[in-house]
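Q: Sequence and predicted structure are below.
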Amino acid sequence: MNARELIAHYDSVLAVDEWILGNPVAWTVVEPMDGPHSVQQIGDALSGVHDFHLEEVHVKEGMEDDEESPRIFLDFYEGGYFFFDTYDIIGTQERLASLLGEGSFICGIRWEAGAVRRRLFHSADGQMQMSTTNVLRDPGLEETAALAENIAAVRSAWQSAPGRYQDSAFLALISLTSGALLSSDWLNSTQNAFVTENL
């Protein structure tokens, strides 16, 4: 999908799953430079002591019942994998990026509870390349910035056909860059929840 199609896709996702916008949710996409990572490799990196497992949990129900349910969902796509954290109030996304950053491209978006505030970031090989709160209007995103071509495509698509949600532009940028895609079907079904004591 191109930028305009992705923005339209995420407009439809957020229309169904608007709960994302008012909760401390984070989506973190990891693209290893050295080839695919297995569940075992990911688990070893995050747990440090090989103490992890996967549980089948309904994503939205995991959000609604966060005190009892695992909160970090793991899924793979062609080119990498992503985490969807339904209760990121303790900076889990930053730790995921730190633990998995070496030898990887990582991008993600995080929302804060109580206000529709979001932050998008992109790092490569453990080094932060970009962090912004407004992809559509941030004047600091110059032509030399990481993801400049994709940012320009998203901005152009937004200016010609503004979406219902600004967040759709953030999500579209991540998908345009990585190839990873979130859908309402995924968010409203049972997925693998990653559980480790060290996160």
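A: Looks like it came in fine.
Q: Pull the number of nearby residues for the closest residue to Glu31 other than its chain neighbours.
A: Among residues not flanking Glu31 along the chain, Gly80 sits closest, at 3.8 Å (Cβ to Cβ, 6 or more residues apart in numbering). The C-beta positions use only the backbone N, C-alpha and C, and glycine is treated the same way. When neighbours are defined as other Cβ atoms under 10 Å, Gly80 has 19 of them.
Q: Please name the residues that touch Gly80.
A: Listed by Cβ atoms under 8 Å, 6 or more residues apart in numbering, the contact set of Gly80 reads 29-32, 36-37, 104-105, 178-180.
Q: Taking those residues together, which two end up most distant?
A: Maximum pairwise distance among those (Cβ to Cβ): 15.6 Å, between His37 and Gly179.
Q: So which of these two has more stuff around it?
A: Comparing His37 with Gly179 by other Cβ under 10 Å, the one with more neighbours is His37, at 20 against 14.
Q: returning to that earlier point: from the contacts of Gly80, which would you call buried?
A: Among these, those buried by neighbour count (16 or more other Cβ atoms under 10 Å) are 29-32, 37, 104-105, 178, 180.
Q: Run me through the strand neighbours of the helix or strand hosting Phe105, direction for each.
A: Assigned by DSSP states H and E, Phe105 belongs to strand 104-112. Here strand 104-112 has these sheet partners by DSSP bridges: strand 26-32 (antiparallel), strand 117-124 (antiparallel).
Q: right, so of the ones you listed, which gets closest to Trp186?
A: Per Cβ to Cβ, nearest to Trp186 of these: strand 26-32, 10.9 Å.
Q: any chance of the strands paired with strand 104-112 in CSV, plus mean pLDDT?
A: Output for these, formatted as CSV (pLDDT from 0 to 100):
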stretch, mean pLDDT
strand 26-32, 94
strand 117-124, 86
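Q: Buried deepest among those, which one?
A: Mean neighbours per residue, mean count of other Cβ atoms under 10 Å, is largest over the strands paired with strand 104-112 for strand 26-32, with a mean of 23.
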